[in-house]
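1. Need the 3D shape of this:
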Amino acid sequence: MPTAEAYGLLQVSFSFFNERLFGGSLPDCMITFNSRRRALGSFCAGAFENRSSDIAHEISMNPRYLGTRDDAKSFSTFVHEMSHLARHVSSRLNRKGGKGRGGYHDRVWADIMESVGLMPSSTGAPGGRRTGYAMSHYIVPGGRFDIACRELFESGLFIDWRAARGLNAGDANGGEEPEPQPRNTRTCFVCAGCEVKAWSRRTAKLSCNDCSQPLVPR
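-> Residues are numbered from 1 along each chain as shown. A predicted model of the protein is given here:
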């Protein structure tokens, strides 16, 4: 039962790290796999809703990277996304009195990351920026995550299922395929304030004149 095994592992891991690193304070969420290129993992608030109108947030992991990185780094990505969940449900405001723009890693998130033993870094190494849009991290040796992760491994829990070697974006078989879409090399940018949209090259620096906020690539 590969589905039960793969997703069961992530649920057990979520419960373990929630208890060890977040004091059991995080609400259960929907855990998924997503093979988006260049994304190790992601968090999406309010991504799912059931027939009773209950809302669940989403933490997604990219199976393509589970086979190319060691388990500790993969689990650190998982906790990175759990820290976004912790930031979302936190009552703490940033220095401007809000919760920050969508997709932005603010100081409150960075503080949460440090508290669980992951150092936020724009480069994934010492010396990188602590906050920003494109953010990574590194594991603090002897920190809370490092200790908890070793405990998890000692219990015999390791990542098993991951994307098969050599699997490319077009290799999926047996499912319903979408209608062919014309290729679009432009990127959609969205204002975090009024959600106005604009399209330009990925490296463009755009801002909204009405909200005086940058437009974020989506």
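2. which element follows the biggest strand by length in the chain toward the C-terminus?
-> Longest strand in the chain by number of residues (criterion: DSSP state E): strand 41-49. Using DSSP states H and E, the helix or strand that follows strand 41-49 in sequence is strand 55-61.
3. So for that following strand, what gets flagged as buried?
-> Using 16 or more other Cβ atoms under 10 Å as the burial criterion, the residues of strand 55-61 that qualify are His57, Glu58, Ile59, Ser60, Met61. Using the backbone N, CA and C atoms, a C-beta is placed for each residue, glycine as well.
4. Pull the contacting residues for the most centrally placed residue in the chain.
-> In the chain, the residue lying closest to the centroid (Cα atoms, centre = their mean) is Ser42, at 2.4 Å. By Cβ atoms under 8 Å, 6 or more residues apart in numbering, the residues touching Ser42 are Asn34, Arg36, Glu58, Ile59, Ser60, Glu81.
5. How about Ser25?
-> Applying Cβ under 8 Å, 6+ apart, we find Ser25 in contact with Asn18, Ala86, Val89.
6. Dump the helix or strand where the first one lies to PDB, keeping only the CA atoms.
-> This means Asn18. Following DSSP H and E, one finds Asn18 within helix 2-22. In PDB, the C-alpha atoms belonging to helix 2-22 read as follows (Å, rounded to 0.1, in the frame of the first residue of the first chain):
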ATOM      1  CA  PRO A   2       2.400   2.700  -1.200                       C
ATOM      2  CA  THR A   3      -0.100   5.500  -0.700                       C
ATOM      3  CA  ALA A   4      -0.700   4.600   3.000                       C
ATOM      4  CA  GLU A   5       3.100   4.100   3.500                       C
ATOM      5  CA  ALA A   6       4.200   7.400   1.900                       C
ATOM      6  CA  TYR A   7       1.600   9.600   3.400                       C
ATOM      7  CA  GLY A   8       1.500   7.800   6.700                       C
ATOM      8  CA  LEU A   9       5.200   8.500   7.100                       C
ATOM      9  CA  LEU A  10       4.600  12.200   6.600                       C
ATOM     10  CA  GLN A  11       1.700  12.200   9.100                       C
ATOM     11  CA  VAL A  12       3.800  10.400  11.800                       C
ATOM     12  CA  SER A  13       6.600  12.800  11.100                       C
ATOM     13  CA  PHE A  14       4.300  15.800  11.400                       C
ATOM     14  CA  SER A  15       3.000  14.600  14.800                       C
ATOM     15  CA  PHE A  16       6.500  13.900  16.000                       C
ATOM     16  CA  PHE A  17       8.000  17.200  15.100                       C
ATOM     17  CA  ASN A  18       4.800  19.100  16.200                       C
ATOM     18  CA  GLU A  19       5.200  17.600  19.700                       C
ATOM     19  CA  ARG A  20       9.000  17.900  20.000                       C
ATOM     20  CA  LEU A  21       9.500  21.300  18.400                       C
ATOM     21  CA  PHE A  22       6.200  23.100  18.600                       C
END
